[in-house]
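K.L.:
pasting a predicted model and its sequence here:
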Amino acid sequence: MGIIRSAIDTGSEEFRSRYVHNKALVAEFRKRQEAARHDRPARDVERVRRQGKMLPRERVEALLDPGTPFLEFSSLAANMAYDGEAPGASSITGIGIVSGCEVVIHADDSTIKGGAWYPLTIKKIVRSLDIAIENRLPVIHLCDSAGGFLQLQSELFPDRYMAGRIFRNQAILSKMGVKQLALVFGHCTAGGAYIPALSDYSVIVRGTGAVFLGGPPLVKAATGEIVSVEDLGGADLHTRTSGTCDYPAVDEADAIRIGREIVSQWERPSKVTVDYVPSEPPLYDPDELYGIIPDAPKKGFDSREVIARLVDGSRFHEYQPAYGTTLICGYARLWGYRIGILANNGVLFNDSALKGAHFIELCNQNNTPILFLQNITGYMVGREYEAAGITKDGAKMIMALSCSHVPKFTVMCHASFGAGNYGMCGRAYDGRFLFTWPNHQIGVMGGEQAANTLVEVKLRQMERNGEVVDKKVLDEIYTTTLAAYNEQISAYHSTSELWDDGIIDPIDTRNALGVAISASLNAPFGTPGNGVFRF
């Protein structure tokens, strides 16, 4: 493969301006992430310590093999929800290495409302189990939850992807032969009791761990029976009498020791064999990404410059370099794995959509995982392009993408608007993982386009009704729409709603993708095949 020759002048005023802008965005992201991970009221931390418990992140750290990475998912989930009461959506999820085994970890955060599950907590847990199913990764549950946040019960319980989906996914994992371990550090109440019950292995800490469908207050209210936590669902009951749990532990450190010992006995899956060679770092410094990414949504950049700072040796074999030039396609290696890359270099025209569809098919023919680097304002609109079949050609790209059987990964590098989000493997298209950068924006269209569209609609309505055109009304529509859009299209709103698997620092992208690709190879590729292409 040829080496990408960078055209970036790192001494230019534009580079320096962009670098400062994006470093500031990352600093803000790091500040928010640090707060979501660690800022808790002193009384909640003291309560946990008083109970003889570790903090949630201390449990995760003790569980992981020393010196190994932990790819955390959605660290800023719920950052714009519930008046900030549930940082991280009250849970920690991610992929780590335990006793040499790649696993998904789900940990309740008992420093937030006793580990109660908010609606977005459930969405985050379900997503982590979806990842386990898609990639056939064992799961370790670190349980310490008071159950559902009852004030929002209508958003927790009845629908398809609410709490029941957690336990459904656990059952599916068991059916697939994918192992699960529950470490019960605190209470597993109501539906949460099913997590250890549906796990293949369970360890419960004596004195603090408990499993019950209804805690003592509910039992008293429902039946009049007065019973203690230990007698109702403690370690001795469940390891000596009910058999709900397998191993009693004297404390949390002991539970983690037993858990690591259990995982060490698990057989290791045979990974899918893909083209792999020893890896090498990029030729160019990934830190330069800060000066490449624009400081405004409408400004463009050459995606080859991003690729050059992500892939091994900055080597890239570009496919059809002279055709459909607004979509960059080609092959590279990332941490030694061969991948196909689709990266936007402008709006998608007919030729770039056809090029993308064909390249996706080539990757599938060659069993090559695909990475999508999104910076897209959509497919081209207008009479000329509709006559040429832009909708039909965009549909070909979406068909090829939807029917792709190889693992897909997406990084939102800048804009993600309109149907371009779909063609470039947005959330709806079953990518194994989707990460965003702090500058990322996503929506049906950009804020200015949306505001101008609504102003135009209102103007035509006034003219049609014979009304006097009121510029003040039109200006108010524009201002109100733009303000609402700017809030809703931000990376923080997107990740708050779990439309991604987390915001990441651009310079961490290579490492995050390395973990993601490795994890994806635990599952066999899908069955080749396509739907009907409209020619």
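P.N.:
Sure, I can see it.

K.L.:
pull up the distance across stretch 497-515, start to finish.
P.N.:
23 Å (Cα to Cα, to the nearest Å).

K.L.:
next SSE after the host helix or strand of residue 181?
P.N.:
Per DSSP states H and E, residue 181 falls inside strand 180-189. Next helix or strand after strand 180-189 toward the C-terminus (DSSP H and E): helix 194-198.

K.L.:
does anything pack onto that following helix? Which helices or strands?
P.N.:
strand 139-145, helix 163-176, strand 180-189 (3 or more Cβ pairs under 8 Å, 6 or more residues apart in numbering; DSSP states H and E). Every C-beta, even on glycine, is put in place using the N, C-alpha and C of the backbone.

K.L.:
out of the ones you listed, which is closest to residue 468?
P.N.:
With Cβ to Cβ, the closest approach to residue 468 among these belongs to helix 163-176: 53.8 Å.

K.L.:
does residue 513 touch residue 409 like I think?
P.N.:
Yes. Taking Cβ atoms under 8 Å as the definition, residue 513 is a contact partner of residue 409 at 6.1 Å.

K.L.:
name the residues contacting each of the two.
P.N.:
371, 433 (Cβ atoms under 8 Å, 6 or more residues apart in numbering).

K.L.:
ok, back up a step: tell me which of the helices and strands packed on helix 194-198 sits nearest to residue 307.
P.N.:
Between the helices and strands packed on helix 194-198, strand 139-145 lies closest to residue 307; by Cβ to Cβ that is 33.5 Å.

K.L.:
hmm, residue 507 and residue 287 touching each other?
P.N.:
Yes. Using Cβ under 8 Å, residue 287 is in contact with residue 507, at 5.9 Å.

K.L.:
those two - which one has more neighbours?
P.N.:
Each of residue 287 and residue 507 has its neighbours counted (other Cβ atoms under 10 Å); residue 507 has more, 16 against 13.

K.L.:
the more buried one belongs to a strand?
P.N.:
No. Per DSSP: H, G, I helix; E, B strand; the rest coil, residue 507 lies outside any strand segment and is helix.

K.L.:
check what pLDDT it gets.
P.N.:
Residue 507 is assigned 98 on the pLDDT scale.

K.L.:
leaving out sequence neighbours, find the closest residue to it.
P.N.:
If the residues on either side of it in the chain are set aside, residue 507 comes closest to residue 286, at 4.5 Å by Cβ to Cβ, 6 or more residues apart in numbering.

K.L.:
how near is that neighbour to residue 225?
P.N.:
61 Å (Cβ to Cβ, to the nearest Å).

K.L.:
those two: which has the busier surroundings?
P.N.:
Shown here are residue 286 and residue 225; by other Cβ under 10 Å, residue 286 has more neighbours (19 against 10).

K.L.:
which SS state does the residue in the chain sticking out farthest from the centre fall under?
P.N.:
Farthest-out residue of the chain from its mean C-alpha position, per Cα atoms, centre = their mean: residue 466, at 50.1 Å. Following three-state DSSP, we place residue 466 in the coil state.

K.L.:
try residue 374
P.N.:
From three-state DSSP, the assignment for residue 374 is strand.

K.L.:
how many residues are close by it?
P.N.:
So residue 374, with other Cβ under 10 Å, has 27 neighbours.

K.L.:
same deal with the one 10 residues further on?
P.N.:
In terms of burial, residue 384 registers 10 neighbours under the definition other Cβ under 10 Å.

K.L.:
mind checking how far it is from residue 50?
P.N.:
From residue 384 to residue 50 the distance is 71 Å (Cβ to Cβ).

K.L.:
how about residue 228?
P.N.:
Counting by Cβ to Cβ - residue 228 and residue 50 are separated by 18 Å.

K.L.:
same deal with residue 361?
P.N.:
Residue 361 is 60 Å from residue 50, by Cβ to Cβ.

K.L.:
who has more neighbours out of the two?
P.N.:
Taking other Cβ under 10 Å, residue 361 and residue 50 do not tie; residue 361 has more neighbours (18 against 8).

K.L.:
buried sites along the host helix or strand of the more buried one?
P.N.:
In this assignment (DSSP H and E), residue 361 forms part of helix 350-365. For helix 350-365, the neighbour count (16 or more other Cβ atoms under 10 Å) marks 350-361, 363-364 as buried.

K.L.:
quick check: the farthest pair among those?
P.N.:
Farthest pair in those (Cβ to Cβ) is 350 and 364. Separation: 21.9 Å.
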